[in-house]
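1. I'd like to go over a predicted model; first the sequence, then the structure.
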Amino acid sequence: MTHPESHFLHGFPAFMPVALITPEALLHVRGPWVEILEQAGFTIAYPEEPTFTRGLCSAAETIRVLKPASAVIAGGEYFTPEILAGLPNLRVIARAGVGYDRVDVPESTKRKIAVTITPTANHEGVAEQAFALIFAFAKNVVVNDHRTRTGQWSLGATRPLRGNTLGLVGLGRIGRSTAIRGRAMGMHVLAAETYPDREFAQKHGVELVDFDTLLARSDYVSLHCPHNNETHHLFNAKTFAKMKPGSVLINTSRGKLVCEQDLLAVLKSGHLAGAGLDVFEHEPAGSDNPLFALPNVIVSPHLGGADKLSQDNMAIEAATCIARLSKNEWPAGAVVNDELRAGWKF
């Protein structure tokens with residue numbers, strides 16, 4: 001871990017809590033989030049290894065890096081029971097994003113560690129990434145780029161978006177942002193959501209349907225739901241069989257929503273025309289992933305919400321959560337384990 005004025009475990013004032021910032025895009029960047037934390041009385045620190053946040057370190061190494069921290073602006077590192085047991089100083093895990101599947105929330109709650117997310121920071125960026133993948137497939141961007149560069153002047157027809165049906169699995173902030181963009185493109189928009197915002201749906205012309213109806217009618221199925229025990233491999237062979245022949249799967253949510261082995265089979269068979277994937281079952285995805293060999297798959301390295309504006313907003317929101325919690329204020333709507341609220345003391 002490094003600090004602007006000191007080395008790992010050396011030079012941290014004993015009376016100042018340490019805030020560790022791990023996301024790669026934020027390392028040693030003097031943004032407003034740093035000022036927020038410093039004004040709240042924190043010393044800022046960073047991992048020595050820039051890729052620490054990818055979650056590839058052993059538990060022992062993860063504990064070594066995190067141990068001095070009272071609060072963490074976290075990326076993709078794991079917070080398992082074993083790791084949390086080795087972090088007696090930790091009070092806040094502030095995820096720079098909305099997913100927290102690498103954080104053991106029950107164990108964090110048991111240890112009175114607040115887990116926060118940034119619910120209002122990156123939803124538009126993720127929606128844009130979903131449409132980047134949709135456009136890349138519909139307009140055959142990757143193939144036509146290669147053909148044009150090699151002197152092949154392709155005049156083959158591409159797919160229109162207008163008049164096509166976009167099905168959204170989940171209508172939270174990201175789903176709603178995607179819906180608005182779909183309607184702007186002249187698409188029919190369907191949504192399957194357990195607790196839908198009916199006022200939003202009516203205002204923006206989104207048709208609320210059950211899951212099976214969405215699968216059967218959608219030309220593009222875009223995933224916008226969290227990964228948990230209930231949604232693990234939600235998209236499997238049985239689910240794919242219910243999808244409209246020739247449709248396209250778009251996933252900018254979580255890789256483990258999809259059984260990649262089953263997806264590979266339906267892409268090879270032609271039942272699905274293609275897939276646009278920003279997330280994978282195992283990340284970072286290796287070059288040997290068999291999906292990468294298929295010409296009807298468009299991929300990106302978990303970039304949803306990773307544009308500059310989203311990253312800055314996530315960092316500011318995460319830092320604000322840490323600062324407020326350090327003052328024993330509660331950032332309502334951002335804390336995952338809200339049951340800690342009543343007796344919270346930093």
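-> Received it, and whenever you're ready, just let me know what you need.
2. drop to CA atoms for contacts and neighbour counts, all remaining ones
-> Noted.
3. now for this protein, the helix or strand with the poorest mean pLDDT.
-> Within the chain, no helix or strand scores below strand 6-7, which has a mean of 35 by mean pLDDT, DSSP states H and E.
4. okay, now the domains of this protein?
-> Structural domains annotated on the chain: 2-121+307-340, 123-299, as defined by automatic domain parsing.
5. mind telling me which of the ones you listed the model trusts least?
-> Lowest mean pLDDT of these: domain 2-121+307-340, a mean of 92.
6. off-centre distance for it?
-> Its chain's C-alpha centre and that of domain 2-121+307-340 lie 17 Å apart, by C-alpha atoms, centre = their mean, to the nearest Å.
7. helices along the stretch 51-200 of the chain, start to end?
-> All helices of the stretch 51-200 of the chain, identified by DSSP state H, counting those that start in this stretch, fall at 59-66, 81-85, 105-110, 123-138, 141-149, 173-184, 198-204.
8. how far off helix 123-138 does the fifth one point, in degrees?
-> Angle of helix 141-149 versus helix 123-138, following axes from the mean of the first three to the mean of the last three C-alpha atoms, to 10 degrees, is 50 degrees.
9. list the contacts of helix 141-149.
-> The contact list for helix 141-149, computed with C-alpha atoms under 8 Å, 6 or more residues apart in numbering, reads 135-136, 153-154, 298.
10. which members of the residues you listed are the farthest-apart pair?
-> Trp153 and Ile298 (21.3 Å; C-alpha to C-alpha).
11. and these two? Which one has more around it.
-> Per other C-alpha atoms under 10 Å, whichever of Trp153 and Ile298 has more neighbours is Ile298, with 22 against 10.
12. list the residues that contact the closest residue to that one other than its chain neighbours.
-> Distances taken as C-alpha to C-alpha, 6 or more residues apart in numbering put Gly276 closest to Ile298, at 4.7 Å, once the chain neighbours are dropped. Each residue near Gly276 by C-alpha under 8 Å, 6+ apart is listed here: 133-134, 137, 248-251, 297-299.
13. 10 Å instead?
-> By C-alpha atoms under 10 Å, 6 or more residues apart in numbering, the residues touching Gly276 are 129-137, 220, 222, 248-252, 296-300.
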